[in-house]
Every structure is written in structure tokens, then in C-alpha cells.
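Student: Turn this into a model:
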Amino acid sequence: MNCPNASWNWSKKTKTLPRRITTFTTNWLAKLSLSTLTLLVLALMSCEAPKEIGLPPEVIADVKFVDTLTVRSSTVLLDSVRTSNAQRILVGAYNDPIFGKVKAQSFVEFTSTLNLNLNADGTTNTNVYAFDSVSISLSYNYYYGDTLKPFQMAVHRLTDTLLTGKMYYNNSTMPYSSTPLVNHTFYPTPRTSSLVTMRLPDAFGQEIFALNGKPEASTIAKFTQTIKGLTFVPAATNASVIGISPQSTGITLNLFYHNSADTIALVKTFFINKRFNHVEADRQGTALSKIQPLKPLAASETGGLNYIQDALGIVTKLEIPYLQELFKQKGVAINRAELLITPTWPEGTNSIYTLPIGLALAETDASNRLLRTKGDTELLVPVDATTFQSYILPQVVFYSTKTRNYNFILTTYLQALAVGFKKNPGLLLMPISGAQEVQSYANSLQPLSSYYPLMNNKLDRLTITPNKENIKLMLFYTTAQ
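Tutor: Numbering: from 1, shown residues only. Next up is the predicted model:
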């Protein structure tokens with residue numbers, strides 16, 4: 001059933017609640033029959049996930065609207081963001097005029113066994129094989145920055161293995177050889193061909209080939225322990241970052257060989273398993289130069305703006321300091337709540353630095369950390385009209401090119417605050433890299449045990465000029481007379 005919306009005609013009678021809360025009130029008794037009133041009250045009640053809103057059907061109620069509640073905002077740098085098993089491998093660097101110099105370096109491990117004399121049906125062959133070459137192929141499906149400038153990266157071997165079960169973050173790193181296997185320069189062409197292939201040294205390929213049929217390559221764990229992994233290191237002079245899918249279509253290590261009895265080319269393909277992204281920024285000389293982890297900065301300290309940046313954990317904290325004043329009224333029930341976020345313009349229009357396609361709100365505490373459930377799922381504000389369960393169906397809001405904003409529906413969440421089911425320390429406004437994927441899971445009622453692999457793997461960003469037009473909370477609520 002649809003909840004009340006802004007298309008209703010409200011009277012001009014006004015009154016002011018304590019601490020800058022202006023409400024517009026209509027007394028329905030003068031205009032509606034008793035039966036119509038009862039139906040409307042029941043309809044309003046049906047909008048709320050917390051079923052008890054404190055208004056029995058026989059209670060006379062006023063319906064009110066307010067859009068002047070103060071929403072306090074600040075910029076927060078999370079202490080770290082999870083990048084283990086990210087759904088996008090990031091590599092590159094660029095100089096953002098607002099967010100500083102950004103660098104992304106990825107660490108990956110290839111997984112397989114190696115026995116070329118073992119056939120797919122489990123039988124063996126006695127062929128004698130010869131090594132030809134080895135290469136690595138990358139197919140990027142994301143780019144950020146200026147792709148008209150050359151892109152340089154080096155591929156290095158790791159000197160240690162990634163630990164199974166360990167969580168890696170954007171500030172994590174791994175030791176690797178100082179000598180690169182290969183240096184490669186190309187011009188990104190995302191609209192024509194996104195495939196990059198680099199031939200690696202024959203010595204590296206022969207080392208892998210020599211493991212054929214050996215105990216060191218008999219299991220995935222033994223193969224990984226022997227070969228280790230790779231890291232992709234960008235040049236500091238780059239002007240863009242590319243993103244690569246970890247799936248088989250995104251990155252492969254290709255071992256080419258042939259049967260000594262003929263010249264037919266054969267290939268053994270290795271895919272990646274464990275991986276993480278290391279993403280860092282040098283913010284010297286920017287409005288964010290003073291930002292420290294978990295210490296909010298007001299817009300007055302950051303050039304008059306709030307900031308959000310994916311992969312680096314820059315989020316905007318939102319607080320509604322006078323909401324409790326509203327809840328002190330008798331029998332308050334939230335019927336409709338919308339939060340409108342309008343990013344700064346014209347920044348982001350036809351720009352190489354694009355806006356996030358989707359945003360979410362995450363619950364936080366007084367320390368400004370992102371909260372998680374006991375099952376370690378991120379506490380993202382759920383799709384409206386769903387109840388608060390042990391699982392999360394996140395509300396992902398997409399940017400509207402028509403209205404030029406992001407529009408959250410917070411009816412259920414604010415009603416949960418009104419009845420004391422939720423606390424009110426604030427929310428973190430943050431980007432969702434895999435917005436379409438997360439929304440598809442929510443739409444099909446398929447919650448994930450954790451959403452972080454679909455977060456923090458882009459570099460999209462935005463700024464907000466924090467005023468009542470760009471951060472606006474609109475409430476329709478009912479009170480008992």
C-alpha cells in the first residue's frame with residue numbers, strides 16, 4: 001500500500017516545535033468523515049515495519065509535514081576498508097584536484113594444479129611436452145581518470161603467500177621482489193578493446209612448466225606455495241586507474257606449450273583466487289589534508305564541502321540532532337520519511353571524475369566505525385518497509401540524472417528510532433561499487449552474508465555543499481491528540 005506523499009494539499013496553519021522544527025498541520029476532523037478517517041489512519045499504520053506505532057484506530061490523529069529538521073553533516077575517514085576478495089582488481093594512479101594523488105595496487109594469487117599428462121577423464125597420457133612461452137592477460141571493465149594519457153605498470157612476483165581466512169584492507173600490503181617481471185605501457189581504449197596482454201620472461205614460464213606432474217603442483221595449496229602470486233604496480237605518472245574482473249574473463253595466466261611429436265599450440269590457463277587491493281592517497285595541499293581516521297571534520301574545516309570517495313573510505317556522516325524533540329510529542333508515528341542528497345554541481349558533469357552510481361547508508365556508533373551484525377554483515381540501512389532481521393537487504397539508491405540527486409526512503413528506520421528499537425548516533429553516507437549487484441540481491445530477497453566484496457572497489461567520488469537544499473529530510477508523521 002502506498003504511503004502519504006508530497007502531492008497532498010496542506011493548510012497554511014503552522015506551528016514551531018523546539019529547536020528549529022517547523023510543522024504544517026491539518027485537522028482532519030473538519031474535513032473527513034469518520035469512516036474515511038479510520039481508513040486513512042489504518043493506511044498510515046500499514047506503512048511501518050515496526051507494527052506498533054502507538055495509535056489505536058479510534059484515536060484522533062493529526063497528520064503533519066516537516067522539511068526543516070536540521071541534518072548535521074561531516075566528513076569521516078574510516079580507519080580501513082575491506083578489500084579481500086574484491087569483485088574488481090584496481091591498478092593505476094592519478095592526481096585528483098580535490099581528493100589528492102591516488103594510487104591503487106593489487107595483489108593476486110593464481111590457483112591450479114599442474115599435470116599435463118593427466119587427461120580430463122582421469123586417464124593419463126605419455127606425451128612429452130615442450131615449453132613455448134608464458135603471458136598474462138587483463139581485460140578491464142572499469143576505468144577512472146584520463147585515459148588519453150599513457151598507462152604504465154610493472155608486474156612483480158610476491159615473495160610470500162596470502163593467508164587463507166585473513167582479512168585484507170585497503171592499507172594492507174605484501175612483500176614482493178624489487179625486480180619486475182615486466183614493465184608495460186599502453187593507452188587505455190575502453191570503447192574499442194579492453195584487453196591487455198603482456199609476455200612474461202621465459203625463465204618464469206619454465207619454472208612453472210618444470211612443476212608438471214611434480215608433488216609441488218599436485219594440490220592448489222602446494223602450487224600456490226611454490227609459485228606465490230603477483231602484484232601490479234602502477235607508475236606514479238599515470239593519469240587513470242583501471243579495474244579488472246577477478247573472474248575467468250578478466251585475468252588469466254597463460255602457459256603455452258606443445259606436444260614434441262607435433263607443432264600444435266596448447267595452453268594451460270591459470271585463474272586467480274585470493275586477492276586484495278591496496279589503495280592510498282596523498283592529500284597534501286587539498287582541503288582534506290588534515291583528515292585523520294575516525295575524526296569527523298565539519299565542512300567549515302574542509303573548504304565548505306562534505307566528501308565521499310569509494311575504495312579509500314571517505315564518507316559523509318549524517319546526524320539528526322533534534323529528532324528526539326519530535327519524538328517527545330504524544331504518540332508520534334512516522335508515515336513517510338525521505339532523505340534527499342544533492343551533490344555539488346557542475347562537478348561530475350561530463351567529467352573524468354564521475355559520481356558514484358549508487359549510495360547506501362550504514363549504521364555507525366560514537367567512534368564513527370561502520371557497524372556490523374554478529375554474523376559480520378555490514379549494518380546497511382535496509383530497503384524500506386522491510387523489518388530488521390539478522391540478515392540485511394540493503395537499500396541502494398541510484399543517482400537520478402532527472403532530479404540530480406539521491407533519494408532515500410527512511411520511513412521504517414526513523415519509525416524504529418521513534419519506538420526505541422534503534423539508537424540515533426548517526427549514519428554514514430557511502431558509495432556502493434557494485435550497486436546493481438547489491439540491488440539485484442535485495443530485489444530477489446537473497447541476502448548476502450557480507451557485502452564488502454561488492455564495496456570499495458571503485459574510485460567514484462562526490463562532494464556536497466551542506467545546506468538545507470542539498471541535504472534535506474522530509475517527514476510526514478502522525479501524532480495523537
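Student: Skipping adjacent residues, who's closest to residue 275 in space?
Tutor: residue 108 (4.3 Å; CB to CB, 6 or more residues apart in numbering). For the C-beta atoms, the positions are set from N, CA and C on the backbone; glycine is no exception.
Student: Verify the contact between that neighbour and residue 278 for me.
Tutor: No: taking CB atoms under 8 Å as the definition, residue 108 is not a contact partner of residue 278, at 11.7 Å.
Student: before we move on, back to that, which residues does the residue nearest to residue 275 contact?
Tutor: 89, 229, 230, 231, 232, 246, 251, 272, 274, 275 (CB atoms under 8 Å, 6 or more residues apart in numbering).
Student: Pull out the buried residues from those residues.
Tutor: Using 16 or more other CB atoms under 10 Å as the burial test, the contacts of residue 108 include 89, 229, 230, 231, 232, 246, 251, 272, 274, 275 as buried.
Student: Export these to TSV and append columns for pLDDT, secondary structure and distance to residue 374.
Tutor: Shown next, in TSV, are those (pLDDT from 0 to 100; DSSP: H, G, I helix; E, B strand; the rest coil; distance: CB to CB, whole Å):
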residue	pLDDT	secondary structure	distance to residue 374
89	96	strand	30
229	95	strand	32
230	97	strand	36
231	98	strand	34
232	98	strand	36
246	91	coil	28
251	94	strand	35
272	93	strand	31
274	94	strand	25
275	95	strand	27
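Student: nearest to residue 103, of these?
Tutor: residue 232 (11.5 Å; CB to CB).
Student: so the closest one sits right up against residue 105, yeah?
Tutor: Yes: counting by CB under 8 Å, residue 232 touches residue 105, with 6.5 Å between them.
Student: Please enumerate the shared neighbours of those two.
Tutor: Shared contacts of residue 232 and residue 105 (CB under 8 Å, 6+ apart): residue 91.
Student: could I get the contacts of residue 108 as JSON lines with distance to residue 302?
Tutor: Putting those into JSON lines (distance: CB to CB, whole Å) gives the following:
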{"residue": "89", "distance to residue 302": "31"}
{"residue": "229", "distance to residue 302": "38"}
{"residue": "230", "distance to residue 302": "38"}
{"residue": "231", "distance to residue 302": "33"}
{"residue": "232", "distance to residue 302": "32"}
{"residue": "246", "distance to residue 302": "34"}
{"residue": "251", "distance to residue 302": "37"}
{"residue": "272", "distance to residue 302": "38"}
{"residue": "274", "distance to residue 302": "36"}
{"residue": "275", "distance to residue 302": "33"}
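Student: Which neighbouring elements make contact with the helix or strand residue 360 falls within?
Tutor: Residue 360 is part of strand 358-363, with elements assigned from DSSP states H and E. In terms of contact count using 3 or more CB pairs under 8 Å, 6 or more residues apart in numbering; DSSP states H and E, strand 358-363 is assigned the packing partners strand 397-398, strand 427-431, helix 435-443.
Student: tell me which residues in the longest one are buried?
Tutor: This points to helix 435-443. Under the neighbour-count criterion of 16+ other CB under 10 Å, helix 435-443 has 435, 437, 438, 439, 441, 442 buried.
Student: What of stretch 325-332?
Tutor: Buried, per 16+ other CB under 10 Å, within stretch 325-332: 326, 327, 329, 331, 332.
Student: Could you report the distance from the residue nearest to the fourth one when sequence neighbours are not counted to residue 62?
Tutor: Going back to what we said before, that points to residue 331. Spatial nearest neighbour of residue 331, chain neighbours left out: residue 480 (3.3 Å); criterion: CB to CB, 6+ apart. Using CB to CB, to the nearest Å, residue 480 is found at 8 Å from residue 62.
Student: quick one on the thing from earlier: sort out for me which of the buried residues of stretch 325-332 are in helices.
Tutor: Judged by DSSP state H, helices contain the following of those: 326, 327.
Student: okay, among the buried residues of stretch 325-332, which ones form the most distant pair?
Tutor: Spanning the widest gap among the buried residues of stretch 325-332 are 326 and 331, at 12.0 Å by CB to CB.
Student: picking up where we left off before, sec struct for the residue nearest to residue 275, please.
Tutor: strand (DSSP: H, G, I helix; E, B strand; the rest coil).
Student: ok, now how distant is it from residue 230?
Tutor: In terms of CB to CB, residue 108 sits 6 Å off from residue 230.
Student: Ok, residue 251 next?
Tutor: From residue 251 across to residue 230, the span is 10 Å (CB to CB).
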